[in-house]
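Peer 1: Quick one: sequence and predicted model below, then my questions.
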Amino acid sequence: MYMNKKLKIFLHVSFWVMMFLSPLAIMRGPGVTLPKYLVNCMTSLLPMLVFYINFLWLTPKYFVAGKHRYHLLINFIMVVCLGFFLHYWICHAHLLFTSVPPTRQYSLVESMLYIVRDITNLSIFAACATAFVLAMRWQQNEDAMLEADAVRAEAELKNLRSQINPHFLLNTLNNIYALTAFDQKRAQEAIQQLSKMLRHMLYDNQEEMVSLGDEIQFLENYVSLMKIRLPETVDVQFDKKGAKNDLQIVPLIFISLVENAFKHGISPTKPSFVHISITTDVEYQGNRGIRDVVICNIENSNFPKNHQDRSGHGIGLNQVQRRLDLAYPHRYTWEKGVNADGTIYSSKIRIEI
């Protein structure tokens, strides 16, 4: 963030106070008088004038607008005229204000060297003013871009969260539809489970964060719904021991992983399993102190869909990846893949809270 207004004013005032006091450092002896000091202050007043003409007018009006030639031309005329004026002032002001004639007259070469020196000094102040304005504009643009990125990321995150609802609801309704064909009582129980999950999705999903306990309860309801229609050959386990229920987490961040495990880990004819574990830990991270960590580890038997089955298209997992990038940038790891023989798929997400 660029510095606040009061700090900028303080820095400006401090610098120019030192500049106007600097003549006292080279003035010595009983001959130091107020008129003589005021004469020497012109060497600070003119650089101050050049600086603020550039800082407040020339650079914003011409240089920033791309009119570099006008900016350079006006500065050239200004510093040359003021350079000659400053040399004339130093040579004759003592006589005008103190009645003390100059000790000697400068030669033409000496006069030109002093004028070139003064023009160079004034040009440096003009360049510094331009550089300061450009640096401030760059910082303001950077802050505006960061703010815009934050707003865009928040809007994208909300959009992703809204996309989860129909995606999840469609899968669940398909499960209930299949269940009604052979067991109406279980279908009624499934609808009751679904109502609990919808309550979580409709209310808690609108919050920025929810408690880990509520999120685990939501996943348990989903697993219970899935178990109603599964054959006995499927081993489903849900481990939540040691999880801190009061930790805050982004809502519905794990549901797509659980859906994916049931989708690709269940076979109607072969023994299958889905093992879900959500735990928390505490880690010491040096200067960052002690941080809580939420770990979601899911393993399932691997029965990948064939090329003809395009259901889902991986939308859920892509949403998880994007939501993690937006909600926990540089604060999460995600390890996923199949084992060597391709029979077990594992997905492990570790999030620093």
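Peer 2: All right, it came through fine.
Peer 1: For the stretch 101-250 of the chain, give me the ranges with low pLDDT.
Peer 2: Applying pLDDT under 70 to the stretch 101-250 of the chain flags residues 101-106, 148, 150-168, 171, 204-206.
Peer 1: And for the stretch 251-353 of the chain?
Peer 2: Applying pLDDT under 70 to the stretch 251-353 of the chain flags residues 305-316.
Peer 1: For it, which segments are assigned as strands?
Peer 2: Using DSSP state E, counting those that start in this stretch, the strands assigned to the stretch 251-353 of the chain run over residues 272-284, 290-301, 332-338, 344-352.
Peer 1: Distance from the longest helix belonging to the chain to the middle of the chain?
Peer 2: Identified as the longest helix of the chain according to DSSP state H is helix 108-180. The gap between where helix 108-180 is centred and where its chain is centred comes out at 9 Å by CA atoms, centre = their mean, to the nearest Å.
Peer 1: Please pull up the helix or strand immediately following it.
Peer 2: Toward the C-terminal end, the helix or strand that comes next after helix 108-180 (DSSP states H and E) is helix 184-203.
Peer 1: Can you point out the buried residues in stretch 52-68?
Peer 2: Within stretch 52-68, the residues scored as buried using 16 or more other CB atoms under 10 Å are 53, 54, 55, 58, 59, 62, 63. C-beta here means a position set from N, CA and C on the backbone, and glycine is covered the same way.
Peer 1: then that stretch to PDB, C-alphas only?
Peer 2: Provided in PDB are the C-alpha atoms of stretch 52-68 (Å, rounded to 0.1, in the frame of the first residue of the first chain):
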ATOM      1  CA  TYR A  52       6.900  20.900  -7.200                       C
ATOM      2  CA  ILE A  53       6.200  22.300 -10.600                       C
ATOM      3  CA  ASN A  54       7.100  18.900 -11.900                       C
ATOM      4  CA  PHE A  55       5.500  17.000  -9.100                       C
ATOM      5  CA  LEU A  56       2.200  18.800  -9.100                       C
ATOM      6  CA  TRP A  57       1.800  19.900 -12.700                       C
ATOM      7  CA  LEU A  58       4.300  19.000 -15.500                       C
ATOM      8  CA  THR A  59       4.700  15.300 -14.900                       C
ATOM      9  CA  PRO A  60       1.000  14.500 -14.300                       C
ATOM     10  CA  LYS A  61      -0.200  16.700 -17.100                       C
ATOM     11  CA  TYR A  62       2.400  15.900 -19.800                       C
ATOM     12  CA  PHE A  63       4.700  13.000 -19.000                       C
ATOM     13  CA  VAL A  64       2.000  10.600 -17.600                       C
ATOM     14  CA  ALA A  65      -0.200  11.600 -20.500                       C
ATOM     15  CA  GLY A  66       2.500  10.500 -23.000                       C
ATOM     16  CA  LYS A  67       3.500  14.100 -24.000                       C
ATOM     17  CA  HIS A  68       7.100  13.600 -23.200                       C
END
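Peer 1: Report the distance from that stretch to the chain centre.
Peer 2: Worked out by CA atoms, centre = their mean, stretch 52-68 lies 30 Å from the chain centre.
Peer 1: follow-up on the earlier one: would you turn the strands of the stretch 251-353 of the chain into JSON lines with mean neighbour count and distance to residue 72?
Peer 2: As requested, the strands of the stretch 251-353 of the chain are arranged in JSON lines below (neighbours: other CB atoms under 10 Å; distance: least, CB to CB, whole Å):
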{"stretch": "strand 272-284", "mean neighbour count": "17", "distance to residue 72": "57"}
{"stretch": "strand 290-301", "mean neighbour count": "18", "distance to residue 72": "54"}
{"stretch": "strand 332-338", "mean neighbour count": "13", "distance to residue 72": "51"}
{"stretch": "strand 344-352", "mean neighbour count": "18", "distance to residue 72": "52"}
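Peer 1: could these go into a markdown table alongside distance to residue 89?
Peer 2: A markdown table is the format used below for the strands of the stretch 251-353 of the chain (distance: least, CB to CB, whole Å):
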| stretch | distance to residue 89 |
| --- | --- |
| strand 272-284 | 66 |
| strand 290-301 | 65 |
| strand 332-338 | 67 |
| strand 344-352 | 65 |
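Peer 1: So residue 333 sits against residue 350, correct?
Peer 2: Yes - judged on CB atoms under 8 Å, residue 333 makes contact with residue 350 at a distance of 4.8 Å.
Peer 1: Domain map for this structure?
Peer 2: Annotated domains of the chain cover 5-161, 164-305+312-352 [the TED database].
Peer 1: Pick the most buried one from those domains.
Peer 2: Among those, domain 164-305+312-352 has the highest mean neighbour count (mean count of other CB atoms under 10 Å), at a mean of 16.
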